[in-house]
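Novice: This is the structure alone, sequence omitted:
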């Protein structure tokens, strides 16, 4: 078959159209003609319910891995795919940079205006805990391999092995997992079960020199608890690409903490995103043409 693809909302970007054609499909203008709906706006579902009503059962591809704004629409009546795994390489690259910045005290060095004592420690051989076992964790584990870390992965499905990990533990064992960690990296999805997962109790279970890196979602961390832990020296520092609230307001306490590094949700920028989501679109159109399941399917029960 030649898949008929509706790209919405708004004007169809050239790159998206080219991706559909490269996958063996054609772009159509009406939802009732579509075999696949590619929704391009990552946080705004307005307008999508109308398309769904006109295209019952037609699969939908969403652009980002996080699908929180779309959860009220996602159900078993049609396949839903998302950007799961698409942005793993750039996000994992930023997580590695944040780990190195924390371990080598680049955050503190960058704020000084005079020569100082030499500080820092090696990432090589460090105990690193990855909370989340998806594509970002897999890519980060690959990037970390030359540093020979002692890797622990904490995830919902602890029965599945994880390449390069010494231990794979369930979420219920999070406190034990972080107790001896040099760094804890958050890569998990934001769901009802993970919202506020990193709270005062988890932070208190970490070592006083450990770093927390969050490239997941801001809501996974209780922000007020993190501020207190950084101020009190409960943990060594935090590197945050995501925050709650987001954007982080001017004057928020996190901005002034000397042991906190903040980037503006820049793990994958628009320039990085475009070719990656185009490649995913091309692959899914080709799979639709071949009668194969889409890549990045959302589990409606799990919420990601």
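Specialist: Cool, got the structure. Nothing here was measured: the structure is a model prediction, and the numbers come from that model.
Novice: For residue 225, give its distance to residue 113.
Specialist: Distance, residue 225 to residue 113, using Cβ to Cβ, to the nearest Å: 31 Å. Using the backbone N, CA and C atoms, a C-beta is placed for each residue, glycine as well.
Novice: Those two - which one has more neighbours?
Specialist: residue 225 (18 against 5; other Cβ atoms under 10 Å).
Novice: that's a helix at that one, yeah?
Specialist: Yes: counting by DSSP: H, G, I helix; E, B strand; the rest coil, residue 225 falls inside a helix.
Novice: So that it lines up with my notes, have the first residue be 40 from now on.
Specialist: Shifting the count to begin at 40 puts that one at residue 264.
Novice: Pretty sure it sits against residue 242.
Specialist: Yes: the pair residue 264 / residue 242 is scored as a contact, 6.0 Å apart, by Cβ atoms under 8 Å.
Novice: Are we agreed that residue 66 is in a strand?
Specialist: Yes: the assignment for residue 66 is a strand, going by three-state DSSP.
Novice: residues in contact with it?
Specialist: Contact analysis of residue 66 by Cβ atoms under 8 Å, 6 or more residues apart in numbering lists 43, 44, 45, 46, 51, 56, 59, 60.
Novice: Tell me which of those residues fall in helices.
Specialist: With DSSP state H as the criterion, helices contain 56, 59, 60 from among the contacts of residue 66.
Novice: Report the buried members of these.
Specialist: Buried members of the ones in helices among the contacts of residue 66, counted by 16 or more other Cβ atoms under 10 Å: 56, 59.
Novice: want to throw the ones in helices among the contacts of residue 66 into JSON lines with distance to residue 185?
Specialist: Formatted as JSON lines, the ones in helices among the contacts of residue 66 follow (distance: Cβ to Cβ, whole Å):
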{"residue": "56", "distance to residue 185": "40"}
{"residue": "59", "distance to residue 185": "38"}
{"residue": "60", "distance to residue 185": "40"}
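Novice: okay, now the closest residue to residue 68 other than its chain neighbours: neighbour count?
Specialist: The spatial neighbour of residue 68 that comes closest, neighbours along the chain excluded (Cβ to Cβ, 6 or more residues apart in numbering), is residue 45 at 7.2 Å. For residue 45, the neighbour count with other Cβ under 10 Å is 24.
Novice: do residue 110 as well
Specialist: For residue 110, the count of nearby residues is 16 (other Cβ under 10 Å).
Novice: Return the backbone torsion pair for the closest residue to it other than its chain neighbours.
Specialist: Closest residue in space to residue 110, ignoring its immediate chain neighbours: residue 342 at 6.0 Å, by Cβ to Cβ, 6+ apart. Main-chain dihedrals, residue 342, degrees, to the nearest 10: phi 90, psi 20.
Novice: Report the distance from stretch 238-250 to the chain centre.
Specialist: Offset of stretch 238-250 from its chain centre (Cα atoms, centre = their mean, to the nearest Å): 22 Å.
Novice: same question, stretch 49-62
Specialist: The chain centroid and the centroid of stretch 49-62 are separated by 25 Å, computed with Cα atoms, centre = their mean.
Novice: Which positions in it come out as buried?
Specialist: By neighbour count on 16+ other Cβ under 10 Å, the buried set for stretch 49-62 is 51, 55, 56, 58, 59, 62.
Novice: Just list the residues touching the second one, thanks.
Specialist: By Cβ under 8 Å, 6+ apart, residue 55 lies in contact with 46, 77, 79, 317, 320.
Novice: the helices in the stretch 140-289 of the chain, which residues?
Specialist: Taking DSSP state H, counting those that start in this stretch as the criterion, the stretch 140-289 of the chain carries its helices at 145-150, 174-183, 213-217, 239-244, 262-271.
Novice: Single out the most deeply packed of the ones you listed.
Specialist: helix 174-183 (a mean of 21; mean count of other Cβ atoms under 10 Å).
Novice: Show me how far it is from its chain's centre.
Specialist: 12 Å.
Novice: go on, stretch 86-98?
Specialist: 27 Å.
Novice: just checking, which of the contacts of residue 55 belong to strands?
Specialist: Taking DSSP state E, the ones among the contacts of residue 55 that sit in strands are 46, 77.
Novice: possible to save the contacts of residue 55 as CSV with pLDDT and neighbour count?
Specialist: Converted to CSV, the contacts of residue 55 look like this (pLDDT from 0 to 100; neighbours: other Cβ atoms under 10 Å):
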residue, pLDDT, neighbour count
46, 97, 23
77, 98, 26
79, 94, 18
317, 95, 21
320, 97, 28
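Novice: Lovely, talk soon.
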